[in-house]
Each structure stands twice: as structure tokens, then as C-alpha cells.
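*Asks:* Mind looking at a prediction? Sequence and model below.
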Amino acid sequence: MTIHMIRSDKVYRDLLKMPMAERRPYFKEQVLAPFKPKFYKQGIPYEAKQVGGFDIMMLLSWMHLMPEMLINQHQDVVDRLDDDDFWKKCSQAIQDSLARFNAFQLPVQDYTFTTLLANPAAPMLKINDGYSGDGGIPGYIFLSLVPNVDTLNRAQSALAHEINHNVRYQFIDWDGGSLKEMIVAEGLAENFAVQMYGEEKLGPWVTKTDLEMLNQVIKPFLHKHLDVRGMKKITAYLYGDEIAAMMGQDEVGMPYCAGYACGYYLVKYYLEKTGQSIEEATLLPASEILAEVEEFWTEPTH
């Protein structure tokens, strides 16, 4: 098994010294080019078809510090990311997470990882407490963070969450984005991260939801809408109205990351009820997990 670590901190340090006209091509070649197969599978153009058209750089601009945004005042931010210990811990987290699935003979043996500097002013990052991840395409993992003591300490847990997605979709066919699949997948990923690094590293997508809101509002509503399909349609159900509005999607009356929180408690319930390991559960279809926990939707979560 090979883990390709792209040290973006070195690239960001170079960018600070470069003329503006040279920055984008350099960043794309040094950081993004190895991820081209991932972007292709997601239908994200690497190069825009026309000037100002949608491409990977436009997508990243919604949450990240782009090459042309970097100024001398960002030196401290880059310095925080330029830490050999941080990168070693990230590599170890990926290795340790993948090792939990050694019994299943993973089809993918090559993994590419990097960390991107998030824009602290981006609303999506603010609501997620300064960090997020992307690991749904097998073999490729991103972390996005505003580097500070808290986010750097949470990086390993965030990576475990993304590796769980990465492994799941080596065995489970992506269904185009059903609410059922996403609730279960996010619940599996966060339970896996907790088993790896402890409940103290539980993400804000779970901790910001109190149990009264979960039991009285979220569970009854999501249970009625489990058959909603399509990523645009499920945005508000999964991420909540506030994030849906940021993404230009319809609101449905759900609080922040309702689907994530519900999924976490649903999978936790499933694991306790069945005695199944999180590794075994990760490779199961969502329908199989949901069939075992019908009572979850009506029983209060404590």
C-alpha cells in the first residue's frame, strides 16, 4: 500500500514568493494535478471550458485561500501548516485507519492526500468550526482547514472519517446521492472516527445537535423523507437549511447538519443492537442497516 503525501505547505510557501501570474498554474500542477482522476469521476472540470467558467479552481474558491489571495500576512498561517509532525500524524492516521480493514482485501492500494488552506472568512468553514474533509472517491483524500491548535488536533479524526468513506465506496456502489445512503454513510464515518480517536474528537456536525432537537424534530422529519434522492435535493436534509442556503438549494426546516447527527446516532444504535463491528458495518448496504433499526426512529435517543 502506498500513500502519496502532497506537502501543500511547501507549495504555499513558494506561492508567497511568486508573481501573481505564475501562481495558479504552479498550484494546479503541484497540488491538484495528482487528483485529476478524482475530479473526473465527480464531473468537475480541471480546466474551465470558457473564461470564467466552472472548474476545480472556482469550486475551491468557495471555501479556500486561493493562490492569488496569499499575501505576506498569511505567512503565519503557512508556518502553522509547515510542521513535519502534523504531516507525519496525518500519514499515520491514514495508515492506521486503512489497517482496520486489512481483513477485507481493499481493491485500492494507492492513496493520495493533501491539506488545503481554508478561508477563515468562508461561511461554510465558519459553521464547521474551521475544518472539513473530502474522501468519497476511493484513493483520494483532502483535508481543508484553518490551521490552529484545535483544527490541527482534529485532523487525525477527520482523516479517519474520510478514510471510512474511501473504504466504503470501494465495496458499495454510489447510488447518485440518496438521503438513506448519505445518512448511513456519514453515521458510519463518524462512528469509525470516534472508535479511532475518542468521543472528544466528535465533529461539530454531531455535537451542535442536542438530543431534544434530534428526538423531537430531526428524527421524525428525516424518517418521512428517507426516499429523497439527488444531491441537490438532499442538501438541506443532510446539512441543514443554513448550508443549503449557502449552496443555493431549497430549505426544508432542518437545523445544522441534521442528517449527520441523525446518522451518527442511528449507526451507533445499530452497532450496539447487532454487535457488528464498525468495519463490517462499513461494507453493508444502507438498506440492510436501516432494516435492522426501524425502532430507532420512534424510540428516544438518550
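*Replies:* Ah, there it is.
*Asks:* my guess is Ala21 is in a helix, correct?
*Replies:* Yes - the assignment for Ala21 by DSSP: H, G, I helix; E, B strand; the rest coil puts it in a helix.
*Asks:* Measure how buried it is and give me the count.
*Replies:* 8 (other Cβ atoms under 10 Å). No exception for glycine: its C-beta is placed from N, CA and C like everyone else's.
*Asks:* quick one: contacts for it?
*Replies:* If a contact means Cβ atoms under 8 Å, 6 or more residues apart in numbering, then Ala21 has no contacts.
*Asks:* likewise Met213?
*Replies:* Under the criterion of Cβ under 8 Å, 6+ apart, the contact list for Met213 reads Pro255.
*Asks:* Quick check: the gap between it and Pro220.
*Replies:* 11 Å (Cβ to Cβ, to the nearest Å).
*Asks:* got it, and Glu68?
*Replies:* 47 Å.
*Asks:* With Arg7 instead?
*Replies:* Going from Arg7 to Pro220 by Cβ to Cβ gives 47 Å.
*Asks:* Neighbour count: these two, which is higher?
*Replies:* Higher neighbour count among Arg7 and Pro220: Arg7, with 16 against 11, using other Cβ under 10 Å.
*Asks:* How about that one, nearest residue that isn't a chain neighbour?
*Replies:* Nearest non-adjacent residue to Arg7, counting by Cβ to Cβ, 6 or more residues apart in numbering: Trp87, 6.4 Å away.
*Asks:* check contacts around that neighbour.
*Replies:* Remark: with contacts taken as Cβ under 8 Å, 6+ apart, Trp87 is in contact with 5, 7, 9.
*Asks:* Pretty sure it sits in a strand.
*Replies:* No - secondary structure of Trp87, determined by three-state DSSP: helix, with no strand assignment.
*Asks:* And the longest helix seen in the chain, how far out from the chain middle?
*Replies:* What stands out as the longest helix in the chain, according to DSSP state H, is helix 149-171. Per Cα atoms, centre = their mean, to the nearest Å, the displacement of helix 149-171 from the mean C-alpha position of its chain is 7 Å.
*Asks:* And that helix, what does it pack against?
*Replies:* Other elements packing on helix 149-171 under the criterion 3 or more Cβ pairs under 8 Å, 6 or more residues apart in numbering; DSSP states H and E are helix 84-99, strand 110-117, strand 131-134, strand 140-145, helix 179-197, helix 278-282.
*Asks:* For that helix, buried residues please.
*Replies:* Of the residues in helix 149-171, those buried under the neighbour-count criterion (16 or more other Cβ atoms under 10 Å) are 151-152, 154-170.
*Asks:* bridging residues for Ser178?
*Replies:* Going by DSSP bridges, Ser178 is paired in beta bridges with Arg229.
*Asks:* pretty sure it contacts Lys233?
*Replies:* No - taking Cβ atoms under 8 Å as the contact criterion, Ser178 and Lys233 are not neighbours in contact, 9.6 Å apart.
*Asks:* For those two, indicate the residue with more neighbours.
*Replies:* Taking other Cβ under 10 Å, Ser178 and Lys233 do not tie; Ser178 has more neighbours (21 against 17).
*Asks:* Contact partners for that one?
*Replies:* With Cβ under 8 Å, 6+ apart as the criterion, the residues that contact Ser178 are 227-229, 234, 286.
*Asks:* Wait, a helix at Val108?
*Replies:* No - with the criterion set as three-state DSSP, the secondary structure at Val108 is coil rather than a helix.
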